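Undergrad: No letters, just coordinates:
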């Protein structure tokens, strides 16, 4: 995702709150920029795009550590098995969550030659908050662990 690439180098030294704030701000800004770019009425498009970005930010802010661990577990299963994986559970806030993780065919990553890399497509839904789709590329290390392709 673009916002992950933009803030990647500087985010390493941030605490979790600062990282969330950076990602949220970037998501809102990207939404505003994309909205303005595709709309004939630039200000209206920017406002709509910023709203969409803010909605995505609020959805991810609603995920607690337990939710994130569930998501990581499903992602790992999908990466290891190379198949679609799903999960659903009730969050600590009482709202239901649903997750679908798809793993299309392996992809080539120039900086990771010799490693298996896969594009991971995540669809997270939280009852009453909406859904969000993300895509990331993960590569298997020689030790067998999966990690983001963006790390060296």
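TA: Here it is on my side, so go on. What you see is a predicted model, and the numbers here were worked out from it, not measured in a lab.
Undergrad: Mind splitting the protein into its structural domains?
TA: With domains defined by automatic domain parsing, the chain comprises 2-61, 65-148.
Undergrad: can you map out the helices along this structure?
TA: 2-11, 16-38, 42-61, 65-81 (DSSP state H).
Undergrad: Quickly, which of these bottoms out on average pLDDT?
TA: Ranked on mean pLDDT, the bottom entry among those is helix 2-11, at a mean of 39.
Undergrad: Contacts for stretch 95-105 next, please.
TA: Stretch 95-105 is contacted by residues 62, 67, 70-71, 74-75, 77-79, 82-91, 118-129 when judged by Cβ atoms under 8 Å, 6 or more residues apart in numbering. No exception for glycine: its C-beta is placed from N, CA and C like everyone else's.
Undergrad: again, 7 Å this time
TA: Stretch 95-105 is contacted by residues 67, 71, 74-75, 78-79, 82-91, 118-129 when judged by Cβ atoms under 7 Å, 6 or more residues apart in numbering.
Undergrad: Likewise for stretch 145-152?
TA: For stretch 145-152, using Cβ under 7 Å, 6+ apart, the contacting residues are 5, 8, 76, 79, 109, 112, 117, 136-141.
Undergrad: can you pull the buried residues of that stretch?
TA: Residues of stretch 145-152 classed as buried: 146, 149 (neighbour count, 16 or more other Cβ atoms under 10 Å).
Undergrad: How about residue 121: what's its closest non-neighbour residue?
TA: Nearest-residue entry for residue 121: residue 102, 4.2 Å, with adjacent residues in sequence omitted and distances by Cβ to Cβ, 6 or more residues apart in numbering.
Undergrad: Now do that neighbour against residue 122, distance only.
TA: 8 Å (Cβ to Cβ, to the nearest Å).
Undergrad: Then residue 116?
TA: Counting by Cβ to Cβ, the gap from residue 116 to residue 122 is 19 Å.
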